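> From the sequence below, what's the structure:
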Amino acid sequence: MVSTPARRWRSSLLDHRTGPAHRVVAGLLIGALALSGCSAGEDEETLTVLAAASLTETFTELADEFEAEHPGVRVRLAFDSSATLAQQALEGAPADVLATADARTMELASDAVSGDPRTFASNSLVLVAPAAGRAGVDGFDDVASGRAAYVACVETAPCGALWSALADEQQVEAEPVSLEVDVKAVLARVVADEADAGIVYATDAVSAGEDVATFPIPGADALTTTYPIAVLEQARDPDLAQEFVELVLSRAGRDVLDAAGFSLP
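The predicted structure is shown next:
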């Protein structure tokens with residue numbers, strides 16, 4: 001049983017070596033769950049990375065590459081809403097690296113960040129609908145007019161804050177029928193055909209592939225979000241954490257991000 005204090009740092013932990021289908025919910029326990037991890041061997045060092053949900057596919061791939069280059073190191077990934085992860089970092093969750101989906105949420109965790117965050121990618125919003133959906137969504141006008149029921153992120157998440165600004169700019173009066181905790185939750189609702197449409201990042205539409213139909217949103221290319229990454233003050237091995245940051249910023253990291261549909265600085 002997870003103790004009461006641990007619930008503050010509960011997050012979606014992904015052992016990337018088993019694949020995204022094997023996400024488990026676990027507590028990030030300060031002290032009790034040391035950075036070596038519950039299941040890591042005695043000679044295995046664990047690097048814990050807190051990352052925005054929209055980075056799931058890219059950081060999973062980069063974690064595999066990092067492990068291959070660092071024998072004896074296991075990368076443990078925790079994906080969630082950026083605001084949630086920033087708060088966890090600020091409250092001292094045992095982690096080494098933080099990557100968020102906008103500068104605002106990184107700033108929230110500034111007291112827990114070591115050095116200056118580095119921007120490594122940017123993203124924009126698109127509209128997605130179930131590929132075989134019954135709503136017959138043909139484009140953004142269906143959402144803007146209120147004809148199609150759509151879902152979006154909560155405004156505390158970067159994807160929600162970005163949509164709020166874009167909706168104001170495009171004078172969209174139709175409200176979402178549901179607000180989800182992060183962009184992957186929005187995408188899941190659409191893929192499951194539980195909503196006529198959803199507002200997600202361009203990279204999430206790429207990752208969904210043929211499961212969704214994708215439509216542009218007017219003005220979205222001019223209103224983007226940037227992704228910063230930083231080593232945390234509580235990192236047990238700051239040098240190792242910095243090496244992961246450098247991988248994300250490297251040519252290899254840029255290639256992975258570019259293939260996923262991110263724009264690069």
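> Just give the closest residue to residue 116, not the sequence neighbours.
Leaving aside its sequence neighbours, residue 116 sits nearest to residue 230 (C-beta to C-beta, 6 or more residues apart in numbering; 7.4 Å). Bear in mind the C-beta positions are built from the backbone N, C-alpha and C, glycine included.
> got a list of what the one you found touches?
97-99, 106, 113-118, 245 (C-beta atoms under 8 Å, 6 or more residues apart in numbering).
> quick one: it is in a strand?
Yes: counting by DSSP: H, G, I helix; E, B strand; the rest coil, residue 230 is located in a strand.
> so what's it bridging to?
Listed by DSSP bridges, the beta-bridge partners for residue 230 are residue 98.
> For residue 52, give the beta-bridge partners.
residue 80.
> quick one: low-confidence parts of the stretch 1-150 of the chain?
When residues are selected by pLDDT under 70, those of the stretch 1-150 of the chain lie in 1-43.
> all helices of it, in order?
Assigned helices in the stretch 1-150 of the chain, in chain order: 56-69, 82-90, 103-108, 140-144 (criterion: DSSP state H, counting those that start in this stretch).
> mind checking which of those helices is nearest residue 76?
Judged by C-beta to C-beta, the one of the helices of the stretch 1-150 of the chain that comes nearest to residue 76 is helix 56-69, at 8.4 Å.
> Can you name every helix or strand that the closest one contacts?
When contacts are defined as 3 or more C-beta pairs under 8 Å, 6 or more residues apart in numbering; DSSP states H and E, helix 56-69 sits against strand 45-52, strand 73-80, helix 202-208, helix 238-249, helix 251-259.
> For the fourth one, output the C-alpha coordinates as CSV.
As requested, C-alpha coordinates have been extracted for helix 238-249 and formatted as CSV (Å, rounded to 0.1, in the frame of the first residue of the first chain):
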residue,chain,number,x,y,z
PRO,A,238,23.8,15.6,-11.9
ASP,A,239,26.5,14.7,-14.5
LEU,A,240,24.5,11.7,-15.7
ALA,A,241,21.4,13.7,-15.8
GLN,A,242,23.2,16.4,-17.9
GLU,A,243,24.2,13.6,-20.3
PHE,A,244,20.6,12.8,-20.9
VAL,A,245,19.8,16.5,-21.5
GLU,A,246,22.7,16.6,-24.0
LEU,A,247,21.3,13.5,-25.8
VAL,A,248,18.0,15.3,-26.3
LEU,A,249,19.8,18.4,-27.6
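> same question for it, mean pLDDT?
Helix 238-249 shows an average pLDDT of 98 in the prediction.
> Need the contact partners of it.
By C-beta under 8 Å, 6+ apart, the list of residues contacting helix 238-249 reads 45, 47, 49, 59, 62, 65-66, 69-70, 73, 75, 96-97, 99, 114, 118, 120, 229-232, 235, 253, 257.
> thinking again about what came up before, okay, the helices and strands packed on helix 56-69, which one's buried deepest?
Comparing the helices and strands packed on helix 56-69 on average neighbours per residue, with mean count of other C-beta atoms under 10 Å, the densest one is strand 45-52 at a mean of 26.
> Report all helices and strands that that strand contacts.
Counting contacts by 3+ C-beta pairs under 8 Å, 6+ apart, strand 45-52 packs against helix 56-69, strand 73-80, helix 82-90, strand 97-99, helix 238-249.
> would JSON lines of the ones you listed with distance to residue 205 be doable?
Listed next are those as JSON lines, based on distance: least, C-beta to C-beta, whole Å:
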{"stretch": "helix 56-69", "distance to residue 205": "12"}
{"stretch": "strand 73-80", "distance to residue 205": "18"}
{"stretch": "helix 82-90", "distance to residue 205": "19"}
{"stretch": "strand 97-99", "distance to residue 205": "20"}
{"stretch": "helix 238-249", "distance to residue 205": "22"}
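> Identify whichever of these lies nearest to residue 188.
Closest approach to residue 188 among the helices and strands packed on strand 45-52 is made by helix 56-69 (11.7 Å; C-beta to C-beta).
> and the angle from the closest one to helix 238-249?
Calculated by axes from the mean of the first three to the mean of the last three C-alpha atoms, to 10 degrees, helix 56-69 forms an angle of 120 degrees with helix 238-249.
> Give me the angle between helix 56-69 and strand 45-52.
With the same axes, to 10 degrees as the basis, helix 56-69 and strand 45-52 are set at 160 degrees to each other.
> Good, wrapping up.
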